[in-house]
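K.L.:
Show me the folded form of this:
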Amino acid sequence: MAEAICDIVELRMTEAGLAGTILCPVDMQPAPGQYLLAHSGSPDDLLPVPLFRAGPADGRPEMAVAAPLPPAWQAASRLHVRGPLGSGFHLPPDARSVALAAVDASEDRLMPLVHQALAQGASVTLFTAQVPAGLPFQVEALPPAVLPEAVRWADYLALDLPAGKAADWRSILRIPPGARCPCTAEVLVRAPMPCGGRALCGVCSLRTRSGWKLICRDGPVFDLNELE
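P.N.:
Model (predicted):
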């Protein structure tokens, strides 16, 4: 597993909290849904922070990272980073209709998937209450209230859910208890991941149809139909 010292080159305040840009070796940058584990080295930072890419993979060392970042972080600070970690999204190469939605969060962690889908010629629909800044003009934005309709026409559906709502995916999509999602679907489950799979501490345990999984190691992206 690679490790590096990465510089924070920009920080900006968003509605979801502090976001920013770091200088990160291109070969370390995570795929959509994967993450890096970062620590500032400050004694005020008790635990490492997962960093998710929030922009396209464009071959440059400047990597946009999703909010929320620790409020104490400052531009020009250096981060101790390791990764990439975890299992990311698996966008089918033949998917032509892609639906994306984040629940109780910004769409930052889904943005790399937006660019990947557009690059392979798919039509992309983002279900959001507020169109995020910088959303490519090719992306259709629809209100979250009509998200359940997506399972009828999407080739691929990607959700971003907090761990506390992982078991609510059927009610969110209006799928009957015990029924499977009719389209190919994956979910990024958000949770604290302090050890990044190194200590198997169990803080991020998630119950699935296949038993207990660790979000940090087995996820953070899971097949939606595997969630209970």
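
K.L.:
State the distance from M193 to A99.
P.N.:
26 Å (C-beta to C-beta, to the nearest Å). Yep, even glycine has a C-beta here, placed from its N, CA and C like the rest.

K.L.:
same question, D218
P.N.:
D218 is 24 Å from A99, by C-beta to C-beta.

K.L.:
which of those two has more neighbours?
P.N.:
Comparing D218 with A99 by neighbour count (other C-beta atoms under 10 Å), the higher total belongs to A99, at 25 against 20.

K.L.:
contacting residues for that one?
P.N.:
Applying C-beta atoms under 8 Å, 6 or more residues apart in numbering, we find A99 in contact with V124, T125, F127, L147, A150, A154, Y156, L157, A158.

K.L.:
again with D160
P.N.:
Counted by C-beta under 8 Å, 6+ apart, D160 has contacts A101, A102, V103, A105, E107, R109, L110, V187, L188, R190.

K.L.:
among those, which two are most distant?
P.N.:
Maximum pairwise distance among those (C-beta to C-beta): 14.2 Å, between E107 and V187.

K.L.:
quick one: which of the contacts of D160 is nearest M13?
P.N.:
Using C-beta to C-beta, the contacts of D160 come closest to M13 at A105, 15.9 Å.

K.L.:
and which of the contacts of A99 is nearest P48?
P.N.:
So of these, ranked by how close each gets to P48 (C-beta to C-beta), first place is A158, at 25.2 Å.

K.L.:
Flag every buried residue along the helix or strand that contains that closest one.
P.N.:
Applying DSSP states H and E as the criterion places A158 in strand 156-162. Buried residues in strand 156-162, counted by 16 or more other C-beta atoms under 10 Å: Y156, L157, A158, L159, D160, L161.

K.L.:
Those: which two are farthest apart?
P.N.:
Y156 and L161 (16.3 Å).

K.L.:
Please report the distance of F127 from D160.
P.N.:
Going from F127 to D160 by C-beta to C-beta gives 11 Å.

K.L.:
who touches both of those two?
P.N.:
In contact with both F127 and D160: A101, using C-beta under 8 Å, 6+ apart.

K.L.:
Run through the neighbouring helices and strands of the lowest-mean-pLDDT helix or strand in the chain.
P.N.:
Ranked by mean pLDDT, DSSP states H and E, the weakest helix or strand in the chain is strand 205-208, scoring a mean of 89. Where contact means 3 or more C-beta pairs under 8 Å, 6 or more residues apart in numbering; DSSP states H and E, strand 205-208 is packed against strand 211-214, helix 215-218.
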